[in-house]
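Asks: okay, here's the prediction I keep looking at, along with the sequence it came from:
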Amino acid sequence: MSAPVTVVIPTFRRPDCLARALESVFAQTDAPPFDVLVVDNDPAASARAVADQFAQQAVSGIRLTYLHEPHPGVANARNAAIGAVRTPLVAFLDDDQTATETWLAALLACHKRFPAAVTFGPVRAALPAPGGPHEAYLTEFFSRPESGPTGYIRQPFGCGNSLVDLSAIPPARPVFDARTNETGGEDDLFFARVKAAGGAFAWCAEAAVLEHVPAARARLGYTLHRALAYGQGPITLARRKTPVDWPAIALWMGVGACKLAGNGALYLAGLITRSPHRAWHLDRAARGLGKLIWWVKFRFYGAAQL
């Protein structure tokens, strides 16, 4: 029996995280036979040993394949995966995530009930040291907002914890824009193309994963850096249009100025009163600033990590 789905785990220099993610995938219950593809994006192929170890341990019904994509970049890794899979469905799991035992079965059941180009599930943050001053903010930042009961939704999320139906997405290849290799946002551009082509999105409330946040990321210095980049998202989409949508860019810059001014003032007030909500206001102010400095590139992936 041929597998209907491939679980794709792109990874970059995190062998311990990869092992943890693979353990969760190998522990899936109620799922049909499936393939697993580890895409190693490290030029030094640092994930090969972990992938080989799990390939030897694979139980009946699971086939693990290792793929080395030596050119660092988040889009490169995902494009290599799309080019290598031989199944109609692709389930993306990040290497810092772990899946619940019924994750894959739930995604497939949801896709059967609500056929969609892309199906998303909840992402719940697991912080390295709970109890810090900004715990609630950090937990929300690294989690995916719950979107109600299982069914169709209007807006997409990110690639981590998603099921992509390759027969229902635009046929143009490569799927992900290589210009986002270091900045991220490759999924935003892809999902915008899916939406423009009339593709549907679905939500599977039962297909949850945990995101294990490393200590280096569980701090305001990191999240605000990411918030600046996230704030640029709508303008990036406008810039990628042909011709460039300059009126949309001007509009979003105005929105950014309002967000920066309003939330900047709320943050300063919260700082004085020691409000527990001040981190959220600082985050929103950073997203507003990102829209005002949309030409500045914030690099998180690929060559920026070497």
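Replies: That came in fine, so what should we check first?
Asks: ok, residues contacting stretch 295-306?
Replies: Judged by Cβ atoms under 8 Å, 6 or more residues apart in numbering, the contacts made with stretch 295-306 from elsewhere in the structure are 12-13, 41, 43, 72-74, 76, 181-184, 225-226, 228-229, 232. C-beta here means a position set from N, CA and C on the backbone, and glycine is covered the same way.
Asks: could you export stretch 252-269 as CSV, CA atoms only?
Replies: Backbone C-alpha positions of stretch 252-269 (Å, rounded to 0.1, in the frame of the first residue of the first chain) are rendered in CSV as follows:
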residue,chain,number,x,y,z
TRP,A,252,0.3,50.1,5.4
MET,A,253,3.0,52.7,6.3
GLY,A,254,0.2,54.9,7.6
VAL,A,255,-1.1,52.0,9.7
GLY,A,256,2.4,51.4,10.9
ALA,A,257,2.8,55.0,12.0
CYS,A,258,-0.5,54.8,14.0
LYS,A,259,0.6,51.5,15.6
LEU,A,260,4.0,52.8,16.6
ALA,A,261,2.6,56.0,18.1
GLY,A,262,-0.3,54.5,19.9
ASN,A,263,1.4,51.4,21.3
GLY,A,264,4.6,53.2,22.0
ALA,A,265,2.7,55.5,24.3
LEU,A,266,0.9,52.6,25.9
TYR,A,267,4.2,50.8,26.5
LEU,A,268,5.7,53.9,28.2
ALA,A,269,2.6,54.1,30.5
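Asks: give the buried residues for it.
Replies: Buried residues in stretch 252-269, counting neighbours by 16 or more other Cβ atoms under 10 Å, are found at 252-253, 255-256, 259-260, 263-264, 266-267.
Asks: sort out which of those are in helices and list them.
Replies: Helix and strand membership here follows DSSP state H; of the buried residues of stretch 252-269, those in helices are 252-253, 255-256, 259-260, 263-264, 266-267.
Asks: just the strands in the chain please.
Replies: Secondary structure of the chain by DSSP state E: the strands cover 5-11, 34-40, 62-68, 89-92, 97-99, 118-120, 123-126, 151-153, 162-165, 201-203, 209-212.
Asks: who are the packing partners of the first one?
Replies: So the one you mean is strand 5-11. Using 3 or more Cβ pairs under 8 Å, 6 or more residues apart in numbering; DSSP states H and E as the contact criterion, the neighbours of strand 5-11 among helices and strands are helix 15-26, strand 34-40, helix 74-84, strand 89-92, helix 103-113.
Asks: redo these as TSV? Include mean pLDDT.
Replies: Formatted as TSV, those follow (pLDDT from 0 to 100):
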stretch	mean pLDDT
helix 15-26	97
strand 34-40	98
helix 74-84	97
strand 89-92	98
helix 103-113	98
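Asks: any chance of these in a markdown table, plus mean neighbour count?
Replies: Output for the helices and strands packed on strand 5-11, formatted as a markdown table (neighbours: other Cβ atoms under 10 Å):
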| stretch | mean neighbour count |
| --- | --- |
| helix 15-26 | 19 |
| strand 34-40 | 24 |
| helix 74-84 | 21 |
| strand 89-92 | 24 |
| helix 103-113 | 20 |
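Asks: wait, which of the ones you listed is closest to residue 130?
Replies: Comparing the helices and strands packed on strand 5-11 by their distance to residue 130 (Cβ to Cβ), the top pick is helix 15-26, with 18.5 Å.
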